[in-house]
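J.: My questions concern the predicted model and sequence given below.
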Amino acid sequence: MTGETTVRTAVRIHGRSTQRKALRALLDGLPHHGGHLLVAGEPGLGRTTLLRWAARSFRAGPVLHLGPGPDGGAHVTVEQLLDALRAASAAAPVLVCADDAHLWDAPARTALDRAVRRLSTADRVGLLLSVASDRAVAPEFARLPVVHLDPLAPAGAAALLDDATDGVAAPAVREQLLAEAEGNPALLVALVRRLSPAELRGHRPLPRPLADAVALAEVAGGAPSGPSAHARDLLLTVAAAGRAEDGTDVDAGLVHDALRHLRPEPGPGPRADSGLGPRAEPGPGPRAEPGAGPRAEPGAGPRAEPVPEHLVLAGDRLRFRSPLVRRTVHATATPERRRAAHRALAEVLETGGHRLTGLLHRSWSLGGPEPAPASAARLAAVAGRLAAVGGRKSVR
């Protein structure tokens, strides 16, 4: 790496015309009436950028940046907050920006919610909040109208990359950067920042992995660790299972069974529940496929833990709320824990007859950057036999 930078110091906002139109409507209406908007999106999609754009664009009055105290708590009462907002808006409309409000503690969120409820449209106060959508929206903000941020479309991501690099990226490098970023603007810029000018122009090989643990954690704000060892294992197992599903939702039964392989219960006595619902015990009859059978709501059972807030359980499917957080959980785990999760998934899948997916996880459970030759040969042989069948039956 050289000391040269590969990223321009300032780039334009790309692919957010719909969201800026919604924010502009709020700003334009403030001289006549108040209003509120909640900007929600996973880390790196540009919530802070949009709030800064709104603050720069507002010309009708002052802009106040509201935040909690250093400890995340509220240090003013609801009455004090109301008095300050009404006094500020007496002479001119006021825009109040509160970025990353999901990081506030419950009393601070409650104080803000009560103040908003008591403001009338005649107060000419505009409230613009942002929250990360990698977790459930706090109930205090649930009634606010929401502006959602999605990953950039391919055209928007490509325009951002060209803007950030002055279009000097080699075509092959450009393609890999766009694929790794998955439409996340902050991750795309972080990946470009990793590269030297020679790497960006294709004169030197790119680092591997391109989106490493450091880059992912920087954009995601760190990886969620979970309140317990079980929650950490659950997060990692879902992230590992998602690698074979292109990051989409995964079978909760598969995860349930893999967790038992990953952390066997010690001897007789009451067993901790995975929070994913009961599983049938093995019996003399045929073994149920992963994911089959009834499932209780999270938290059912004597010692069940709720599903971590970064996950969603819908029926018998589990998924991360944020694809970026899923990738971060997987990348930041120690190699030993990551391999153990893939090994547990492989054992469950192979026992259930899902040989191809089981071999994929088996290869990911081995040491080194590439699958061992013997495992790769087995994987190729199974894939060849499946291809010969002509795709007449699906393989998971």
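T.: That came in fine, so what should we check first? Numbering: from 1, shown residues only.
J.: quick one: Ala211 and Leu324 touch, right?
T.: No. Using CB atoms under 8 Å, Ala211 makes no contact with Leu324, being 9.6 Å away. Backbone N, C-alpha and C define where each C-beta goes, glycine included.
J.: overlap in contacts of these two?
T.: Shared contacts of Ala211 and Leu324, defined by CB atoms under 8 Å, 6 or more residues apart in numbering, are found at Leu187.
J.: and the end-to-end length of stretch 79-97?
T.: Stretch 79-97 has its terminal residues 19 Å apart, counting by CA to CA, to the nearest Å.
J.: Okay, buried residues for it please.
T.: Leu81, Leu82, Ala84, Leu85, Arg86, Ala88, Ser89, Pro93, Val94, Leu95, Val96, Cys97 (16 or more other CB atoms under 10 Å).
J.: ok so the first one is a strand residue?
T.: So the one you mean is Leu81. No. Counting by DSSP: H, G, I helix; E, B strand; the rest coil, one finds Leu81 to be helix, located in no strand.
J.: Hmm, Asp113 and it touching each other?
T.: No. Under the criterion of CB under 8 Å, Leu81 is not in contact with Asp113, lying 10.8 Å apart.
J.: Find the centremost residue of this structure, please.
T.: Ser322 (2.3 Å; CA atoms, centre = their mean).
J.: What sits closest to it if chain neighbours are left out?
T.: Nearest residue to Ser322 in three dimensions, chain neighbours excluded: Asp134, at 3.5 Å (CB to CB, 6 or more residues apart in numbering).
J.: what do you get for Pro207?
T.: Distances taken as CB to CB, 6+ apart place Arg194 nearest to Pro207, at 6.5 Å, with adjacent residues excluded.
J.: what's around the one you found, how many residues?
T.: 19 (other CB atoms under 10 Å).
J.: any low-confidence regions in the stretch 101-250 of the chain?
T.: Within the stretch 101-250 of the chain, the ranges that satisfy pLDDT under 70 run 247.
J.: Test my guess that Glu180 contacts Arg208.
T.: No. The pair Glu180 / Arg208 is not scored as a contact, 10.9 Å apart, by CB under 8 Å.
J.: More neighbours: which of these two?
T.: Shown here are Glu180 and Arg208; by other CB under 10 Å, Glu180 has more neighbours (18 against 7).
J.: OK, contacts around that one?
T.: Listed by CB under 8 Å, 6+ apart, the contact partners of Glu180 are Leu187, Leu191, Leu210, Ala211.
J.: at 7 Å instead, please
T.: The contact partners of Glu180, taken as CB atoms under 7 Å, 6 or more residues apart in numbering, are Leu191, Leu210, Ala211.
J.: quick one: which of those sit in helices?
T.: Leu191 (DSSP state H).
J.: The contacts of Glu180 into a markdown table, with extra columns for neighbour count and distance to Ala239?
T.: Formatted as a markdown table, the contacts of Glu180 follow (neighbours: other CB atoms under 10 Å; distance: CB to CB, whole Å):
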| residue | neighbour count | distance to Ala239 |
| --- | --- | --- |
| Leu191 | 26 | 20 |
| Leu210 | 17 | 18 |
| Ala211 | 25 | 14 |
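J.: about what we covered before: can you check my assumption that the residue nearest to Ser322 lies in a helix?
T.: No. According to three-state DSSP, Asp134 belongs to no helix; its state is coil.
J.: Tell me the buried residues in the one helix or strand Leu188 maps to?
T.: Assigned by DSSP states H and E, Leu188 belongs to helix 185-194. Using 16+ other CB under 10 Å as the test for burial, helix 185-194 gives Pro185, Ala186, Leu187, Leu188, Val189, Ala190, Leu191, Val192, Arg194.
J.: what do you get for stretch 103-122?
T.: Trp104, Ala108, Arg109, Thr110, Ala111, Leu112, Asp113, Arg114, Ala115, Val116, Leu119.
J.: Among those residues, which ones are in helices?
T.: Short answer: the buried residues of stretch 103-122 in helices (DSSP H) are Ala108, Arg109, Thr110, Ala111, Leu112, Asp113, Arg114, Ala115, Val116.
J.: Just the closest of the residues you listed to Arg339, please.
T.: Arg109 (39.8 Å; CB to CB).
J.: So the spatially closest residue to Val131 that is not a sequence neighbour versus Ala92, what's the distance?
T.: Nearest non-adjacent residue to Val131, counting by CB to CB, 6+ apart: His102, 4.1 Å away. Noted for His102: a distance of 30 Å to Ala92, by CB to CB, to the nearest Å.
J.: do Glu199 as well
T.: 50 Å.
J.: now do Gly156
T.: Counting by CB to CB, the gap from Gly156 to Ala92 is 35 Å.
J.: tell me the phi and psi of Leu37?
T.: phi -140, psi 140 (degrees, to the nearest 10).
J.: now it: how far from His148?
T.: 11 Å.
J.: Name the residue in the two with the higher neighbour count.
T.: The neighbour comparison of Leu37 against His148 (other CB under 10 Å) goes to Leu37, with 22 against 13.
J.: I'd like the distance between that one and Arg109.
T.: 16 Å.
J.: List the contacts of the residue nearest to Val131.
T.: Each residue near His102 by CB under 7 Å, 6+ apart is listed here: Val131, Ala132, Arg135, Ala138.
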